[in-house]
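J.: pasting the structure only:
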Ligand code: DC
């Protein structure tokens, strides 16, 4: 009955790893990035400026979130609408990173994230899970990969875009997520660092499951 926190930069593989570890342990998977993405999506749709902290927090506070699992994948509902696919777009990702800078947006989502983690048996991924959301998680993973490797992965999913553009956007997202004042992306002092640049996703999953079992999962 442990909680597992998985943090790391965009395209480090943390979502895939967290989802697969949750399946193997029969734990619940919680994707906190999906919540920030949903706030970003609704700001874009409602014409709310993502640089406006108060207005984007107001959007965040009024979303009625629900989560479900379909074939092992997290399904996110916002006000009854399944937004799981639409939140994956690049523009929504950039909007998510922009609204995530604002402390009132973060605090609007924090209670919900903590509630989802409170019962244990959860693998939660994001940027600040080990440091802020679940500071008492029994296992904290910081999953990294080089910028070039992450850009290569993301580019493979977006063949219409140039590698240089994809890499530059990823670097900008890293800078925004790591450089913000409130809950920046960083490894918790007690996090286990894993690097998926050379380790396969299978190897990372196996190592996280091994560590989880060692800690009581
Ligand atoms: O993991 P992701 O790419 O889906 O997350 C989208 C953005 O949401 C990310 O660029 C920063 C923000 N985020 C955050 O600030 N804190 C989290 N715990 C998860 C995501």
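T.: Cool, the structure landed. If you're wondering where the values come from, they're calculated on a predicted model, not measured in any experiment.
J.: residue 114 contacts residue 133, doesn't it?
T.: Yes: counting by CB atoms under 8 Å, residue 114 sits close enough to residue 133 to count as a contact (6.2 Å). (Each C-beta comes from the backbone N, C-alpha and C, glycine too.)
J.: compare those two (neighbour count), which wins?
T.: residue 133 (25 against 13; other CB atoms under 10 Å).
J.: next one, pLDDT for that one please.
T.: Here, the pLDDT recorded for residue 133 equals 98.
J.: how about it, nearest residue that isn't a chain neighbour?
T.: Nearest non-adjacent residue to residue 133, counting by CB to CB, 6 or more residues apart in numbering: residue 113, 4.8 Å away.
J.: next helix or strand past the helix or strand hosting the one you found?
T.: Assigned by DSSP states H and E, residue 113 belongs to helix 103-118. Next in sequence after helix 103-118, counting helices and strands by DSSP H and E, comes strand 122-126.
J.: sketch out the low-pLDDT regions of the protein for me.
T.: Applying pLDDT under 70 to the chain flags the ranges 72-73.
J.: list, one by one, the residues from it near the ligand.
T.: Within the chain, the positions near the ligand by CB under 6 Å from any ligand atom are 10, 32-33, 36-37, 93, 96-97, 100, 126-129, 173, 177.
J.: how does it look with 5 Å?
T.: 10, 32, 33, 36, 96, 97, 100, 126, 127, 128, 177 (CB under 5 Å from any ligand atom).
J.: which one of those is nearest residue 209?
T.: Residue 209 has its nearest neighbour among the residues of the chain next to the ligand in residue 126, at 19.7 Å by CB to CB.
J.: measure the closest residue to that closest one other than its chain neighbours to residue 65 for me?
T.: Closest residue to residue 126 apart from its sequence neighbours, by CB to CB, 6+ apart: residue 32 at 3.6 Å. Distance, residue 32 to residue 65, by CB to CB, to the nearest Å: 11 Å.
J.: higher neighbour count, those two?
T.: Each of residue 32 and residue 65 has its neighbours counted (other CB under 10 Å); residue 32 has more, 23 against 16.
J.: how about the contacts made by the more buried one?
T.: 109, 113, 124, 125, 126, 127, 129, 133 (CB atoms under 8 Å, 6 or more residues apart in numbering).
J.: next: residue 58.
T.: If you count contacts by CB under 8 Å, 6+ apart, residue 58 has them with residue 48.
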